[in-house]
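Peer 1: Would you be able to build a 3D model of this:
(one chain, ligands or ions: 2)
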Amino acid sequence: MKDVTIDTITQAFLNYCSEDTDPRTYTVLKSMVEHLHAFVKETELTHDEWMRGLQFMFEAGQISTQERNEFVLASDVTGLSSLVDMIGSQHEGTSSSVLGPFHVTGAPELPVGGDLKRDNEGNTVVIEGHVKTVDGAPIKDAVIELWQTATNGLYSNQDEAQPEYNLRCSMKVGEDGRYAITTVKPSPYKIPDDGPVGDLLRATGRNAWRPSHLHFIVVADGYRSLVTEVFSSDDEYLDTDAVFGVRDDLIMEYKETTDMDALPTDLEVGTNVTSPYYKVDFDFVLVPTEAS
Ligand code: BEZ
Ligand code: FE
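Peer 2: Ligands and ions are numbered 1, 2, ... in the order given. Model prediction:
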């Protein structure tokens, strides 16, 4: 197209592209460029602002490593990750939530009732529940992975003072789909804000805090794998999660109790828990693979 104008440039772009090579790529790219052009027109984006955006992406690339992906973080804080996630998982099972950058593979296996708290300081949490179908039937071959921060708000791979795999485990559920773990109450923490995403948060007066949570991945043959988080109902950051991960069904009451009779009978630590402790009951509902 020779005479490109403000009004014709979007169509000019589309004229260059063929729908036949890959129809889905065409659909996604068409919509994205249409929205980008509309955004530039609507805001009358200046040259300096456009350059600032490109500089943001350059800096995100510069700070990214195998362990730190600033683009994923940018997607998280703009709600893109959660939006894609919610659109892709509209079903009756437990809601999914962001994976986050602190998951590592190879966490040690604990038996049902196992002790994840070990030498960690903090309030004891006893969490138990079942992995089940939408109809309530147990899913007996499920494996649960759990990872969380220590009381100082840091994951083991952020904190040299913690042993490798501290507060990380996998657990194969029993015949009845049941799991039970003793651990520590997680703490709220700030997402990494020393890079361009931190600048973005500060530029709009936002906070970098995430409400305290336990991360879970639940996997079972024939079911959609679930990546999710469980939040504490008393957390001050529930309504302002920097990455939009909170869903109604993922908010749990951490019930403070001194009742030792309420402890599950199969805990590795027996009744040797500090009192008061917190009890959390949480079931994971998985949907069959074909429902995705
Ligand atoms: C996390 O919960 O570990 C997390 C999620 C998204 C961004 C940063 C951290
Ligand atoms: Fe986290």
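Peer 1: show me where the stretch 151-292 of the chain has helices.
Peer 2: 196-203 (DSSP state H, counting those that start in this stretch).
Peer 1: residues from it in reach of ligand 1?
Peer 2: I191, R210, V243 (CB under 6 Å from any ligand atom). All C-beta spots, glycine's among them, are computed from the backbone N, C-alpha and C.
Peer 1: pretty sure V131 contacts G177?
Peer 2: Yes: counting by CB atoms under 8 Å, V131 touches G177, with 4.6 Å between them.
Peer 1: TSV for the residues of the stretch 151-292 of the chain next to ligand 1, including neighbour count?
Peer 2: Putting those into TSV (neighbours: other CB atoms under 10 Å) gives the following:
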residue	neighbour count
I191	20
R210	27
V243	20
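Peer 1: So L250 is in contact with V230, correct?
Peer 2: Yes: in this structure L250 lies within contact range of V230 using CB under 8 Å: 5.7 Å.
Peer 1: about what we covered before: which of V131 and G177 has more neighbours?
Peer 2: V131 (27 against 22; other CB atoms under 10 Å).
Peer 1: Enumerate every residue touching the more buried one.
Peer 2: P138, I139, A142, I144, V173, G177, Y179, V218, A220, D283, F284, L286 (CB atoms under 8 Å, 6 or more residues apart in numbering).
Peer 1: Can you get me a residue count around the second one?
Peer 2: Think I139. 20.
Peer 1: Give me the local confidence score for it.
Peer 2: We have a pLDDT of 97 for I139.
Peer 1: L250 and V230: which is more packed in?
Peer 2: V230 (24 against 19).
Peer 1: Next, work out how far apart that one and ligand 1 are.
Peer 2: 12 Å (CB to the nearest ligand atom, to the nearest Å).
Peer 1: Settle this for me: V173 is touching Y179, isn't it.
Peer 2: Yes: using CB under 8 Å, V173 makes contact with Y179 at a distance of 5.0 Å.
Peer 1: quick one: common contacting residues for these two?
Peer 2: What both V173 and Y179 touch, as defined by CB under 8 Å, 6+ apart, is the set V112, H130, V131, I144.
Peer 1: Out of these, list just those in strands.
Peer 2: Secondary structure from DSSP state E places H130, V131, I144 of the shared contacts of V173 and Y179 in strands.
Peer 1: Please enumerate the strands of the protein.
Peer 2: Counting by DSSP E, the strands of the chain are 124-133, 143-147, 168-172, 178-184, 189-190, 209-210, 213-219, 226-232, 251-252, 255-257, 277-281, 284-286.
Peer 1: Kindly reformat those strands as a markdown table containing mean pLDDT.
Peer 2: As requested, the strands of the chain are exported to a markdown table (pLDDT from 0 to 100):
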| stretch | mean pLDDT |
| --- | --- |
| strand 124-133 | 97 |
| strand 143-147 | 98 |
| strand 168-172 | 98 |
| strand 178-184 | 97 |
| strand 189-190 | 96 |
| strand 209-210 | 97 |
| strand 213-219 | 98 |
| strand 226-232 | 97 |
| strand 251-252 | 97 |
| strand 255-257 | 96 |
| strand 277-281 | 96 |
| strand 284-286 | 98 |
